[in-house]
Every structure is written in C-alpha cells, then in structure tokens.
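In: build me a model:
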Amino acid sequence: MDTTAGRLGLWTLALDVQPAMRVRELAAEIEEFGFGALWIGEEFGRNALTQAGILLGATNGLVIGTGIANIFFRDPIAMAAAERSLAEAYPGRFILGLGGHRVDDRPLTYLGHRVPSAGRAVTTMGAYLDAMDAVPLQSPPPAVPSRRVLGALGPKMLSLAAARTSGALPYLVPVAHTEDTRTRLGPDALLAVEQAVVLDPNPDVARDLARAHVGTYLAGGGAHVKDMLRFGYTNDELSGTPASRVVDALVAGGGRKALDAIAERVQAHFDAGADHVCLQVLTAQPATAPIAEWRELAKLNTLPRRTT
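Out: Here you go, the predicted model:
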C-alpha cells in the first residue's frame, strides 16, 4: 500500500488559466489545507510537466502528480527526461501519470521503438513505456525512484499498469470500479482514484452540474461508456442525457449535506481498496480556482485510510 501521497488530494485543471504567481500562491494554500497531493490534468493550457515543476517549487512537501500527461503531446525522450529531472530535484514528491488521446497521426519513434498513433490503446501505451525505458539518460538519477501510474480504466490497461508501473489513476469511475481495480492491481500497487464532487447547496444546480460533467465524457461512447457497461449500467442509461443512477454513481455531493455525502463516497472508495482519492470540484465557473470549496473539503482529511 502506497501512502506517500496521503489519503486525500485534489484534481484540477483550473490552475492552467491562472498567472504563474497565482498558481504558486494556490499551491501553497492547498498544502496548508492538509491535502497530501495535487493532481493536474493536461489539455491545451500549460504543459503538465512544466506546471508540475512550478507547483513543486512553490511547496515544501506536497506530492504533485500529472493526471494525466498526454503521451501524444510529447516524444518519449522528452517525457523520460522530464520525469527524471523532477524526481531527482524533488525526491518522493512527483508522480508521473500517463495516458492520453490522439491528436494527430504522427508515429513516435525513439531508438528503434516505434510508438503507433493508431490501433489499440494498450499496445500504444506499452510501446511508449518501452521507448521511455530505452532512453539513455545522462542526468543524475533520483535518490528516490520515480513513480509512474497509468490513467487506466479497462482490464487490459489495468493489467499493463500492474505489470509496468507503480499503479493506476482511474478517472470518473464508480466505487465498484475501485474494488475491481484493487483486485487486478494486487495489494501493493498505488491506487489513486479521481472523484468528481459538487458542493453547491442548491440540489437542482448541483444535479445540473453533475449531469453536464458526466455527459461530456459519455457522449459518443468510448472508454467511459464501455467501463460503465462492465458494472451493470445499460446503454439506455448511458446514451443521450445520462440517467440519474449513472450521475449519482460518478459524482458525489450537492445539496445542504453535500460534505457528508462526499465523505461517504470517499470512505466507500477507501473501503473498496483505494490508497488515495483526489477530489475534482465541479462549479459553474470551471476557470476559477474553487478555493472556498477546497477549504471545505479539507475537513475530510481526518477520514481513515484502508487497513486491509
């Protein structure tokens, strides 16, 4: 069981649109709140590895994880070099989360390892890891070995995570997925689970935010739909406007007792085998850092870790 990231963390994209000075201030506040880790996504804002460096430099002990760094945004040599540099500069404080969506058809090749940009995701990720491992880095090795996790959902990607990395960072999953993932990863791998939450006291507003968020990921089918089908949800519930049962399984909180509902969901993930849960706050202004909500969620840092 890996507990270096603490029991609770935050997951956010909101920092991408903040000035660098504000990013540093927010990182320091998040650390003061008592969260063990801060996970940053990657779309078309800041480079996730560069942003990780800013955040690590602005904090003293906070673990920073990429959730995830897109393998199609950079060559394997660039990814490997950045990973090693951050791991060496900040011992034990950086976790490289890998995953990604294709943005074009360029193949990635390094030292004879061709990483296809088309085909099965597991094959592509395995080839990318091979290419990273083949890079003859000359920078100083980290005192604490670097950690990699995969943004894995399906059984095959989870098996790859178990075989080739420190663990997995599943995104937008029900508690049943956490239980299944722990079984597949084994007892010692890091299982960090992203959990979307809403703290708006108005239940109608909260439900609209949650449904819009879930609908974005389920639209057009794909990995999240396939994953939910594995756990007993139906195509009718997942297509079009997501059914309330689906929304409730994937987003916690909302209403006057939002924090209590979030606490129950987090504990359920711990009981199902999670080492760490990172909370993503949904608001009507996603470009604004939800500092008040983060402060409220910090009250959950007293929840116990799993003991079995």
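
In: ok, how many other residues are close to Arg147?
Out: 21 (other CB atoms under 10 Å). Quick note: C-beta positions are derived from backbone N, CA and C, even for glycine.

In: without its sequence neighbours, what residue ends up closest to it?
Out: Once flanking residues are discounted, Arg147 sits nearest to Ser166: 4.2 Å by CB to CB, 6 or more residues apart in numbering.

In: now that neighbour: how far from Thr241?
Out: Note on Ser166: its distance to Thr241, by CB to CB, to the nearest Å, is 38 Å.

In: now do Gly221
Out: Distance of Gly221 to Thr241, given as CB to CB: 15 Å.

In: neighbour count: Ser166 and Thr241, which is higher?
Out: Ser166 (20 against 13).

In: show me what contacts the more buried one?
Out: For Ser166, the contacting residues are Asp2, Ile95, Arg147, Arg148, Val149, Ala189, Leu190, by CB atoms under 8 Å, 6 or more residues apart in numbering.

In: so what pairs up with Ala252 in the strands?
Out: When assigned by DSSP bridges, Ala252 has beta-bridge partners Val197.

In: pretty sure it contacts Arg265?
Out: Yes - here Ala252 reaches Arg265: they are 3.7 Å apart, a contact under CB atoms under 8 Å.

In: common neighbours of the two, please.
Out: Overlap of the contact sets of Ala252 and Arg265 (by CB under 8 Å, 6+ apart) consists of Gln195, Val197.

In: okay, now the closest residue to Val135 other than its chain neighbours: neighbour count?
Out: Counting by CB to CB, 6+ apart, Val135 lies nearest to Ala80, which is 4.3 Å off, once chain neighbours are set aside. Using other CB under 10 Å, Ala80 has 23 neighbouring residues.

In: on that earlier part again, and the gap between the residue nearest to Arg147 and Ala81?
Out: Distance of Ser166 to Ala81, computed by CB to CB: 19 Å.
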